[in-house]
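Student: predicted model and sequence follow; I will ask about them next.
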Amino acid sequence: MRLALMAVPVGFFALFFAYPVVTIVGRGLRADGRWQLDRVGTVLGDPGVQQVLWFTVWQALASTALTLSVALPGAYVFARFRFPAKRLLHALVTVPFVLPTVVVGSAFLALLGRGGALDELWGVRLDTSVWAILLAHVFFNYAVVVRTVGGLWAQLDPRQEEAARVLGASRFAAWRAVTLPALVPAAGAAALMVFLFTFTSFGVIQVLGGPRYATLEVEIYRQTASLLDLPTAAVLTLTQFAAVATLLLGYGRLVRRREAALPLVAAAHTARRPSGAGQWALLWAVLVTIAVLLLLPLGVLAERSLRGPDGGHGLVFYRALFELGDSAAFLVPPVEAIGNSLAYALAATLVSLLVGGLAAAALSRRAGRIVRGFDALLMLPLGTSAVTVGFGFLIALDEPPLDLRSSWILVPLAQALVGVPFVIRTMLPVLRAVDDRLREAAAVLGASPFQVWRAVDLPLVRRAVLVAAGFAFAVSLGEFGATVFIARADHPTLPVTVARFLGRAGELNYGQAMALSTILLLLCGAVLIVLERVRTNNAGEF
């Protein structure tokens, strides 16, 4: 049964992930039928490449440390406090995580860049600086810590700490002895995920880093798209792949340790109104942090989209989206990118649910080493170079029966590679929580495997499926790294169109980029607010 469930996910990843990546790497490192492995030492020994590697690791470590220090208090507040509009705020802090990184870059460009809000008020500019990059990474990854650590923290029974205090332990000693050991695996998993996302950062660095800063992903893009140096790009891809595989192995171990935490209770039973000056001060400090770090950049982004060329406010830039203009960069009016993105994301969501749902069902059974390896394999697209995958699609999927370069399905397939891991991580804990005895009882009564799934599993996981679909839709809507290669000029997506506008000079182009970014922001925000209403307390890691 498990092998049958794994057949579709394995085939999907072999065909649309492993095959394009292996093809592009082989095209770069093979010449005259022989592997040119000496190229690895040559590339990694280049001082310029070493500088890129050093900056990639350094900024990922700094971003991770800064994110944890800012977000862990927020995780505690969302886990333990009850306050007005909590569910709405929980959805809003997740919006940055599902936004395309190019839109995140746009928001911080509007706040920190030339002519941005800080520049106008105090003459302060932080664009093309490392601080802009680090702040944008905290903005992007805040929700990872809040959802991963806070989700577990909310379900830890506070009576365990209370028992320790009855035995004479101080508040801090009780927390350190009881709660902290249970939270360490979750905090470690969150740290690894933040490091993974910042290690492979692309859109944020492209927009905010300028020519001085480049991560491995940016350098792969430059070597592939600008210099057409496939051997160097292949070596850098393998280097990034090795680092990501190591991170995911560590992540898998921490997730298994997290599942063995203290007995969990319903999150609704652990949250209380703040009491005392200290707790109220912590709540307000977290709310101010969220307002300044997360909501302010989004507000400035929306304000810039409404600011007209004459300094007033209106819908000038939004109306311009309906016009083709005289720019050769667009074959259709930019507003068509909205419909294209929605259609692509819907198709990608359906593929993600099919592949991810089958994978989660297979993984929910008792897992051995092979199945755990399969779990790690399905997470690889989150950290593997999206640039490599996109360019690999163009090179590998160019011959019958897989000549898909001119097919619309190419974009949803690339987006589904990113959506599948979110479906798995959302559905897997819920499926594992289903009592096997219910399935066995249904089977004894004569139900077929499909009838068992429909009668037992589906009613219990229906909400998790809706949450998984929503996350897959949101991340597909914002996928940029691979789509920038494969989206056709007459069918652009929202992130690709924003990047094209930002790459062109002129106030009109900048304003239209802000307008499209705001539209994408509103779409993602609406999806997440709906998800927060249907989300269950144990609906996975996201």
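Tutor: Cool, the structure landed. Residues are numbered from 1 along each chain as shown.
Student: where do the helices sit along the stretch 151-300 of the chain?
Tutor: In the stretch 151-300 of the chain, the segments counted as helices under DSSP state H, counting those that start in this stretch are 159-166, 171-174, 180-199, 203-208, 216-221, 230-259, 276-289, 296-306.
Student: please name every helix or strand in contact with the third one.
Tutor: The reference is to helix 180-199. Identification of packing neighbours for helix 180-199 by 3 or more CB pairs under 8 Å, 6 or more residues apart in numbering; DSSP states H and E yields helix 47-80, helix 130-153, helix 230-259. Just so you know, the C-beta spots here come from the backbone N, C-alpha and C atoms, and that holds for glycine as well.
Student: work out for me the element Thr426 sits within.
Tutor: Using DSSP states H and E, Thr426 falls within helix 410-432.
Student: so for Trp453, which of the helices of the stretch 151-300 of the chain sits nearest?
Tutor: helix 230-259 (22.8 Å; CB to CB).
Student: just the buried positions in the closest one, please.
Tutor: 230-241, 243-245, 247-248, 250-255, 257-258 (16 or more other CB atoms under 10 Å).
Student: show me where pLDDT drops low in the stretch 151-300 of the chain?
Tutor: The stretch 151-300 of the chain contains residues with pLDDT under 70 at 210-211, 255-269.
Student: list the buried residues for the helix or strand harbouring Ala472?
Tutor: For Ala472, the element it lies in under DSSP H and E is helix 458-478. For helix 458-478, the neighbour count (16+ other CB under 10 Å) marks 461, 463-478 as buried.
Student: who's in contact with the helix or strand just after that helix?
Tutor: Next along the chain after helix 458-478, taking DSSP H and E as the criterion, comes helix 483-486. With contact meaning CB atoms under 8 Å, 6 or more residues apart in numbering, helix 483-486 is reached by 225, 387, 390-391, 393-394, 405, 410-411, 414-415, 493, 495-496, 499.
Student: filter those to the buried ones?
Tutor: Neighbour-count burial (16+ other CB under 10 Å) is assigned, among the contacts of helix 483-486, to 387, 390-391, 393, 410-411, 414-415, 493, 495-496, 499.
Student: closest to Arg34 among these?
Tutor: Nearest member of the buried ones among the contacts of helix 483-486 to Arg34, counting by CB to CB, is Phe391, at 22.6 Å.
Student: low-confidence regions, the stretch 351-500 of the chain specifically.
Tutor: Along the stretch 351-500 of the chain, segments meeting pLDDT under 70 span 365-373, 435.
Student: make it 50
Tutor: Filtered on pLDDT under 50, the stretch 351-500 of the chain yields no residues whatsoever.
Student: off-centre distance for the helix holding Thr426?
Tutor: Distance of helix 410-432 from the chain centroid (CA atoms, centre = their mean, to the nearest Å) equals 11 Å.
Student: put the alpha carbons of it into PDB.
Tutor: Only the C-alpha atoms of helix 410-432 are listed here, as PDB (Å, rounded to 0.1, in the frame of the first residue of the first chain):
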ATOM      1  CA  LEU A 410       5.500  24.300 -17.400                       C
ATOM      2  CA  VAL A 411       4.900  27.200 -14.900                       C
ATOM      3  CA  PRO A 412       2.400  25.300 -12.600                       C
ATOM      4  CA  LEU A 413       4.800  22.300 -12.500                       C
ATOM      5  CA  ALA A 414       7.600  24.500 -11.300                       C
ATOM      6  CA  GLN A 415       5.400  26.200  -8.800                       C
ATOM      7  CA  ALA A 416       4.100  22.800  -7.500                       C
ATOM      8  CA  LEU A 417       7.700  21.800  -6.700                       C
ATOM      9  CA  VAL A 418       7.600  24.500  -4.000                       C
ATOM     10  CA  GLY A 419       4.000  23.800  -3.000                       C
ATOM     11  CA  VAL A 420       4.300  20.100  -2.300                       C
ATOM     12  CA  PRO A 421       6.600  20.400   0.800                       C
ATOM     13  CA  PHE A 422       4.100  22.800   2.400                       C
ATOM     14  CA  VAL A 423       1.200  20.300   1.700                       C
ATOM     15  CA  ILE A 424       3.300  17.500   3.300                       C
ATOM     16  CA  ARG A 425       4.300  19.500   6.300                       C
ATOM     17  CA  THR A 426       0.700  20.700   6.900                       C
ATOM     18  CA  MET A 427      -1.000  17.300   6.500                       C
ATOM     19  CA  LEU A 428       1.500  14.900   7.900                       C
ATOM     20  CA  PRO A 429       1.100  15.600  11.600                       C
ATOM     21  CA  VAL A 430      -2.700  15.500  11.300                       C
ATOM     22  CA  LEU A 431      -2.600  12.100   9.400                       C
ATOM     23  CA  ARG A 432      -0.200  10.700  12.000                       C
END
